[in-house]
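Participant: need coordinates for the below:
(one chain, ligands or ions: 1)
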Amino acid sequence: MAAILGGIAALALAGQAFAQLEGRGFPDCINGPLKNNTVCDTSADPLARATALISLFTLEEKLNNTGHVSPGVPRLGLPAYTWWQEALHGVASSPGVNFSTSGNYSYATSFPQPILMGAAFDDDLITAVATVISTEARAFNNDDRAGLDYWTPNINPFKDPRWGRGQETPGEDPYHLSSYVHALINGLQGGEDPKYKRIVATCKHFVAYDMESWNGNYRYQFDAQIDSQDLAEYYMPPFQSCARDSNVGAFMCSYNAVNGVPTCADPYLLQTILREHWGWTNEQQWVTSDCDAVQNIFLPHNYTQTREEAAAVALNAGTDLDCGTYYQHHLPAAFEQGLFNESTLDMSLIRQYSSLVRLGYFDGDLVPYRNLTFADVSTPQSQQLALQAAEEGITLLKNDGLLPMKIDNSTKIALIGDWANATTQMQGNYAGIAPYLHSPLYAAQQLGATVNYAYGPGFGDPTTDSWNSIWAAANASDIIIYVGGIDNSVESEGMDRNTIAWTGTQLDAIGELAMYGKPMLLFQMGGGQIDSSPIANNPNISALLWGGYPGQDGGVAMFNIITGKTAPAGRLPTTQYPANYIAQVPMTNMSLRPGENNPGRTYKWYNGTAVFEFGYGMHYTNFSATAPTMSNCNFTISNLMANCTEQYKDRCAFTTLDFEVKNTGSVDSDYVALGFLTGSFGPQPYPKKSLVKYTRLHGVSAGSSQAASLALTLGSLARVDDMGNTVLYPGDYSLMLDTQPLAYVNFTLSGSPAVLDQWPQRPAATHQTSNYFVGGFGTEPLEDPMENVPAGY
Ligand SMILES: O=[N+]([O-])c1ccc(O[C@@H]2O[C@@H](CO)[C@H](O)[C@H]2O)cc1
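Facilitator: Okay, the predicted model is just below:
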């Protein structure tokens, strides 16, 4: 009896909760028209539930619900749903997210841009950050201020230093990105296969999107020419990590074409690779187009003769949802013309709605995240994590001993530069509204110092009008701190950089400031690297740090590093190339290996000398390391394969190498252990080295040691052949710790090569793309479709 009463009480409570949720954009499974449909049966499986729901839709209702603004089906009590939410580094302003203008829900934690969090090389940090983001997203959803799926992360490798959106990514290395994104998705979704996902993440932009606008080429029309080797080895691994290894809920196909086919129209990418080869087959996983990428299939890609064909070719290829209105507008006529089957449309809708089932959209208070409120947003712990994330990423590039520096109320600081009082600038793009934005100026003032602040000298056209205040600040101070570089005015969505040098105005002002002969340090900001050799080579500039876009507490993070409250241990997540690099390779050249018009890309293949290499970063202390002794240094490939029982052979364990890392200096510090593989094995040319594992050691006390445990897999040792196959080759291998190696382990593999992963080849072309808009080096500029896009994107 008690149990029955308990059950009734629970039902009544659930009913109350539903009544509250009613009208706030949630389906009412207690009293609404769907209450007896299987979609409301929480014991049924998600596929059955979504199939039952979609079976109630008329054809018109199905066609109506194919855009990112889906009207739902009012007669069924299925509310409208906006599929487009963003959360790149915190719940972000975007079509589906509604920040309040004041009070509760008027802000959310704003973490650093991924490029700086990538520099932390700390996957546990990334999971913690992503867990905060998904918690805050759930709180926003509970107040009907956001949906449940988010179009993040941007996981295209940052291959070319000019790319305006490189700031959104963790860097240039495919292994690093793969590991980072796995940690991120676990935090966003709540593990690989939980009953209720926290939120759905969307890996974008599939695939090979890394150019906005260069020399007449635009992301909307660019046709990236990529061979199988580069595709499988460089452009694909982060997406494989998303689909195959992290069970991400959604994918986004990109604006560009790959080898003649716009990605959203390409069954080879969306079916053969994504769904079949990577086993991303369950019916809760869906693909959205990038925004208006379906329209772009028609123009400017000119891939189809008609608009209806463009819509149908995308749907048939496996693009389930259209960000935009093109499906809603053109699929009805496409259906009339017999260009797709209703069952294909059903499948797409089932995928999307079963994903909502997995998010608990139909399950009211049974969902554990329903009790999250604004009290769970921007908590003291989240604020501390945002600060920690910025501190962990900040990277020390030069230090002649000036740092760490004592700052107190007897210090007079000249704080100069376009970033010196940065606020929203610190967030970069795809940001939300932060609870606060602690600028460098604010942070310096908190230390009690006398701060002589001067804005300028400006990023743009030379104007020395404001410069007198710069000299006045320098004259009145004992220490000069310059905070500048680049920001979203020169690198952003739609805008690639046309120089990777410091602007002349900044260099002029920095050079003159250095001539004061006062202790001087420079903080280089922005996502893309700038050739800082003039600063590295200037003996009057004692220290150089890189700070990316450090987020809501960026100023405090900076000064915690400068004063030594926190010791720096970040590592560059991209190569800092010399300024003339961009004259040597067109942005449109997708090859990684050196060749004609290409000195090679990334630390693996660049044949020149980097200003600062990938993985570089100094400390306030010194580290030494001892390599483990391997009991056996000779391995037979056939034995390794015989012991490998995983479905995906690259995941099989090889060995774990425990390096003993000792802090030999006098300052406690984190240490990022980077494991690079080198050697002569596999197809030539050989990469200079390849990152195969990393881990961040926390708080290694002065004089003490910690073990850096690097677990290697067979995939760690493999190379990719010219067909895109991942292969284990015989040869001499060396695993070295760090960029300036602290320790090595050598070993040998013998026997015949073994294929770990056979890459599916693209079938022979059946579709001819018109060459009217073919992009390439030196084509005529096209009209810029980003011209009228609102600021902030
Ligand atoms: O028209 N707009 O307002 C607009 C805004 C953003 C935009 O960019 C695309 O939308 C984002 C969706 O997640 C993708 O990452 C990006 O490539 C494309 C168009």
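
Participant: strands of the stretch 501-650 of the chain, start to end?
Facilitator: Along the stretch 501-650 of the chain, counting by DSSP state E, counting those that start in this stretch, strands occupy 520-525, 543-548, 623-626, 634-636.

Participant: the ones you listed: which one's closest to residue 657?
Facilitator: Residue 657 lies closest to strand 623-626 among the strands of the stretch 501-650 of the chain, at 10.9 Å (C-beta to C-beta). C-beta here means a position set from N, CA and C on the backbone, and glycine is covered the same way.

Participant: which parts of that closest one are buried?
Facilitator: For strand 623-626, burial by neighbour count (16 or more other C-beta atoms under 10 Å) applies to 623, 625.

Participant: just checking, what packs against it?
Facilitator: strand 653-663 (3 or more C-beta pairs under 8 Å, 6 or more residues apart in numbering; DSSP states H and E).

Participant: so for the strand it packs on, mean pLDDT?
Facilitator: Averaged over strand 653-663, pLDDT sits at 98.

Participant: I'd like the next helix or strand past it.
Facilitator: strand 669-681 (DSSP states H and E).

Participant: show me the strands in the stretch 51-200 of the chain, by range?
Facilitator: 69-70, 81-82.

Participant: can you give me how far the last one is from the chain middle?
Facilitator: For strand 81-82, the distance between its averaged C-alpha position and the chain's averaged C-alpha position is 24 Å (C-alpha atoms, centre = their mean, to the nearest Å).

Participant: wait, residue 598 sits on residue 591?
Facilitator: Yes: counting by C-beta atoms under 8 Å, residue 591 is a contact partner of residue 598 at 5.7 Å.

Participant: helix/strand/coil for residue 398?
Facilitator: Residue 398 falls in the strand class when you classify it by DSSP: H, G, I helix; E, B strand; the rest coil.

Participant: ok, now which ones touch it?
Facilitator: Residues near residue 398 by C-beta atoms under 8 Å, 6 or more residues apart in numbering: 535, 536, 541, 542, 543, 544, 618.

Participant: related to what we said a few turns ago, in TSV: the strands of the stretch 501-650 of the chain, plus distance to residue 103 and mean pLDDT.
Facilitator: Listed next are the strands of the stretch 501-650 of the chain as TSV, based on distance: least, C-beta to C-beta, whole Å; pLDDT from 0 to 100:
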stretch	distance to residue 103	mean pLDDT
strand 520-525	32	98
strand 543-548	31	98
strand 623-626	48	98
strand 634-636	62	98
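
Participant: counting neighbours, what do you get for residue 656?
Facilitator: 11 (other C-beta atoms under 10 Å).

Participant: up against the ligand, what does the stretch 151-300 of the chain have?
Facilitator: 151, 204, 205, 290, 291 (C-beta under 6 Å from any ligand atom).

Participant: can you redo those as JSON lines with secondary structure?
Facilitator: Shown next, in JSON lines, are these (three-state DSSP):
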{"residue": "151", "secondary structure": "coil"}
{"residue": "204", "secondary structure": "strand"}
{"residue": "205", "secondary structure": "strand"}
{"residue": "290", "secondary structure": "coil"}
{"residue": "291", "secondary structure": "coil"}
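
Participant: measure the residue in the chain that the ligand sits nearest to to residue 128 for me?
Facilitator: Using C-beta to the nearest ligand atom, the closest approach of the chain to the ligand is made by residue 151 at 3.6 Å. With distances taken as C-beta to C-beta, to the nearest Å, residue 151 is found 22 Å from residue 128.

Participant: which one of the two has more residues nearby?
Facilitator: Legend: neighbour count by other C-beta under 10 Å for residue 151 and residue 128, higher for residue 151 (29 against 18).

Participant: check contacts around the residue lying closest to the more buried one once chain neighbours are set aside.
Facilitator: Nearest residue to residue 151, sequence neighbours excluded (C-beta to C-beta, 6 or more residues apart in numbering): residue 202, at 4.5 Å. Counting by C-beta under 8 Å, 6+ apart, residue 202 touches 149, 150, 151, 152, 248, 249, 250, 251, 252, 288.

Participant: and residue 202, its phi and psi?
Facilitator: phi -130, psi 110 (degrees, to the nearest 10).

Participant: tell me, how many residues neighbour residue 61?
Facilitator: Neighbours of residue 61 (other C-beta under 10 Å): 18.

Participant: with the one 5 residues further on instead?
Facilitator: Look at residue 66: counted by other C-beta under 10 Å, it has 27 neighbours.

Participant: again, but for residue 475
Facilitator: The burial count for residue 475: 11, using other C-beta under 10 Å.

Participant: let me know the pLDDT of it.
Facilitator: 98.

Participant: so what does it look like in phi/psi?
Facilitator: phi -60, psi -40.

Participant: ok, now which ones touch it?
Facilitator: By C-beta under 8 Å, 6+ apart, the neighbours of residue 475 are residue 516.

Participant: distance of it from residue 452?
Facilitator: 9 Å.
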